[in-house]
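In: one predicted model, sequence on top.
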Amino acid sequence: MIVVTVLSVISAGTVYWVKSLRSERNELVKVEWLYRYVRPCIQNPNTLADIESRMFDGTDEQRDSIKPYAFTREADGLPFRSFTPHDDWKPEPPEPEKSKSEEEKEDSGGWFDWITRKTPQEEAALRDVRNNPNIPEGAKP
């Protein structure tokens with residue numbers, strides 16, 4: 001009984017695996033024909049050679065270098081009608097620029113820090129003044 005159950009599970013898994021491979025192959029055949037249709041439309045042979053060398057012979061970095069360009073062209077172009085991209089890659093958002101006040105705080109050079117830096121006693125005195133209930137709120141530093 002156990003042997004029959006194990007064999008049926010293995011056969012069901014094999015059938016599922018073969019079916020998924022078949023559907024993936026059919027989709028790749030469609031993409032191949034799309035490539036074969038679009039390839040003659042590229043007029044410049046250097047452009048075509050560059051694209052093909054990056055995709056087929058290039059490193060991962062060279063393959064990934066076309067992704068931002070393709071992503072922006074897809075975003076600006078016509079929407080997909082009968083094709084669903086499988087790779088959900090998106091470009092990294094640009095880093096926010098620092099404001100000048102943050103840069104000035106970071107890069108003071110250290111020459112005049114002793115003028116503006118407060119000692120621990122001065123910070124304690126300021127805390128005491130701010131927490132003193134006898135001083136009106138408008139007069140506190």
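Out: That came in fine, so what should we check first? Residues are numbered from 1 along each chain as shown.

In: this protein: helices as residue ranges?
Out: Taking DSSP state H, the helices of the chain run over residues 2-38, 45-52, 60-64, 67-76, 100-106, 113-116, 120-131.

In: tabulate the ones you listed (TSV), appending mean neighbour count and mean pLDDT.
Out: Heads up, the C-betas are built off the backbone N, CA and C, glycines and all. Converted to TSV, the helices of the chain look like this (neighbours: other CB atoms under 10 Å; pLDDT from 0 to 100):
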stretch	mean neighbour count	mean pLDDT
helix 2-38	10	88
helix 45-52	12	82
helix 60-64	11	82
helix 67-76	11	81
helix 100-106	9	57
helix 113-116	7	68
helix 120-131	10	88
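
In: ok, now which ones touch the residue most central in space within the chain?
Out: Centroid check for the chain by CA atoms, centre = their mean gives Glu92 as the closest residue, at 3.6 Å. For Glu92, no contacting residues are found, by CB atoms under 8 Å, 6 or more residues apart in numbering.

In: thinking again about what came up before, would you reformat the helices of the chain as JSON lines and include distance to Pro141?
Out: Listed next are the helices of the chain as JSON lines, based on distance: least, CB to CB, whole Å:
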{"stretch": "helix 2-38", "distance to Pro141": "69"}
{"stretch": "helix 45-52", "distance to Pro141": "65"}
{"stretch": "helix 60-64", "distance to Pro141": "54"}
{"stretch": "helix 67-76", "distance to Pro141": "50"}
{"stretch": "helix 100-106", "distance to Pro141": "20"}
{"stretch": "helix 113-116", "distance to Pro141": "15"}
{"stretch": "helix 120-131", "distance to Pro141": "6"}
